[in-house]
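**Student:** Whatever this is, show me its structure:
(one chain, ligands or ions: 1)
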Amino acid sequence: PTLQATFYGHTYDNPFMNASGVHCMTTAELDALADSAAGSFVTKSATAEAREGNPEPRYVNVDLGSINSMGLPNLGLDYYLDYAIKRQASHPDQPFVMSVASYQGFDEYVTNMRKIQESDYTGLVELNLSCPNVPGKPQMAYDFEDTDRLLTEIFAFYTKPFGVKLPPYFDIMHFDKIAAVLNQFDLKFVNCINSIGNGLYIDKATDTVVIKPKGGFGGIGGEYVKPTALANVRALKQRLNPSIEIIGTGGILTGRDAYEHLLCGASMLQVGTQLEKEGLGVFDRLTKELLAILESKGYASIAEFKGKLGTLD
Ligand SMILES: O=C(O)c1[nH]c(=O)[nH]c(=O)c1I
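**Tutor:** Residues are numbered from 1 along each chain as shown. Sure thing, here's the model as predicted:
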């Protein structure tokens, strides 16, 4: 069998990528990702200016996952745009994704996208509408009207392919509402999910929180989030126009977790916490484990089971 994955008109060796934020801050990390067994990669979410981010400790691995309040540390949009333009020229056959966020809010999203529109970068962009860790800034994607207004403003000038990174939703009506907003636009993908925002982890040895920012509140990733991630992938796949593909992110530790995201309709798969814990070797392990599952089930390719989750009716 083959793990070949088609996504926005390109066929990748496999569906695996890093999740933005992990192993993707510097050009050295990005090049190492590109040379790893991962099928593709995404850059750290960029803001207009470089940022230090929140005080440390701000990322901690815990038994069933991770908690982080990084606060959007990054080397600035120009740094990643420069890398992206060079990389697309040197490796035209290896497309990747460039992640864009905003520190200031609505207007900076627009100016960041305008800069990319006017640049020589022609590849995919992941517009991060779901950073949970900028104090005082609500997550854009939890405000349906603002998300609608922002995408309307961007599509008025932006002609290059892009998708959005969404937070988890927990109410069927919210799945309906965000899908209704997104279906109005020619988005190429949605990435479900970002970390589950503002969780709290307590250190049993000290009876204290484990990260410094925000009194210990931070985005939760890893095993904790798989049921929520699968539900969001499935719900958005069921609701969005078929032209909008899904990237499945959240709780992928094993080939079985990857297989379940594909069953829910994901085209590509992103790994965050487990990549942070295991290093780049995680992609060799995940591809091997997923391939073994296809073999055991007699599937020749992902297409044979993608989106074919069974129900009990
Ligand atoms: O704190 C961060 O930098 C961060 N952390 C996350 O868990 N998700 C995000 O999208 C971001 I931009």
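**Student:** measure the closest residue in space to E52 that isn't next to it in sequence to P55 for me?
**Tutor:** Once flanking residues are discounted, E52 sits nearest to P73: 6.0 Å by CB to CB, 6 or more residues apart in numbering. (C-beta placed from N, C-alpha, C; glycine too.) According to CB to CB, to the nearest Å, P73 and P55 sit 11 Å apart.
**Student:** Looking at these two now, which is surrounded by more residues?
**Tutor:** Between P73 and P55, counted using other CB atoms under 10 Å, P73 has the larger neighbour count: 17 against 11.
**Student:** contacting residues for the more buried one?
**Tutor:** 25, 44, 51-54 (CB atoms under 8 Å, 6 or more residues apart in numbering).
**Student:** what are the phi and psi angles of V125?
**Tutor:** Phi and psi for V125, reported as degrees, to the nearest 10, are phi -120, psi 140.
**Student:** er, N68 actually
**Tutor:** Per degrees, to the nearest 10, the backbone of N68 is at phi -150, psi 140.
**Student:** Any figure for the gap between it and F305?
**Tutor:** 32 Å.
**Student:** same thing with D35?
**Tutor:** In terms of CB to CB, D35 sits 30 Å off from F305.
**Student:** Mind checking which of the two has more residues around it?
**Tutor:** Per other CB under 10 Å, whichever of D35 and F305 has more neighbours is F305, with 15 against 10.
**Student:** what's the pLDDT at the nearest residue to the more buried one once chain neighbours are set aside?
**Tutor:** Ranked by CB to CB, 6+ apart and with sequence neighbours excluded, the top spatial neighbour of F305 is Y299, at 5.8 Å. For Y299, the model assigns a pLDDT of 98.
**Student:** Hmm, Y299 is touching K308, no?
**Tutor:** No: using CB atoms under 8 Å, Y299 is not in contact with K308, being 10.3 Å away.
**Student:** Of these two, which one has the most company?
**Tutor:** Y299 (16 against 11).
**Student:** and L166, what does it touch?
**Tutor:** 129-130, 141, 178, 190-194, 232, 236.
**Student:** from these, which ones fall inside helices?
**Tutor:** Judged by DSSP state H, the contacts of L166 include 178, 232, 236 as members of helices.
**Student:** Can you tell me the element L262 falls in?
**Tutor:** Using DSSP states H and E, L262 falls within helix 255-263.
**Student:** May I have that helix as PDB, with CA atoms only?
**Tutor:** Extracted in PDB, the C-alpha atoms of helix 255-263 (Å, rounded to 0.1, in the frame of the first residue of the first chain):
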ATOM      1  CA  GLY A 255      -0.600   5.300  13.500                       C
ATOM      2  CA  ARG A 256      -4.100   4.400  14.800                       C
ATOM      3  CA  ASP A 257      -4.700   8.100  15.800                       C
ATOM      4  CA  ALA A 258      -3.700   9.100  12.300                       C
ATOM      5  CA  TYR A 259      -6.000   6.500  10.800                       C
ATOM      6  CA  GLU A 260      -8.900   7.800  12.800                       C
ATOM      7  CA  HIS A 261      -8.400  11.400  11.600                       C
ATOM      8  CA  LEU A 262      -8.300  10.100   8.000                       C
ATOM      9  CA  LEU A 263     -11.600   8.200   8.700                       C
END
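**Student:** Going forward, the N-terminal residue is numbered 848.
**Tutor:** Renumbered: residue one is now 848, and that last one reads helix 1102-1110.
**Student:** ok, the closest residue to K1061 other than its chain neighbours - how many residues close by?
**Tutor:** Spatial nearest neighbour of K1061, chain neighbours left out: S916 (5.2 Å); criterion: CB to CB, 6+ apart. Counted with other CB under 10 Å, residues neighbouring S916 total 27.
**Student:** if we can go back for a sec, name the residues contacting each of Y1146 and K1155.
**Tutor:** Shared contacts of Y1146 and K1155 (CB under 8 Å, 6+ apart): none.
**Student:** what about stretch 1074-1081 and the ligand, any contact?
**Tutor:** No: judged by CB under 6 Å from any ligand atom, stretch 1074-1081 and the ligand are separated, with a smallest distance of 12.9 Å.
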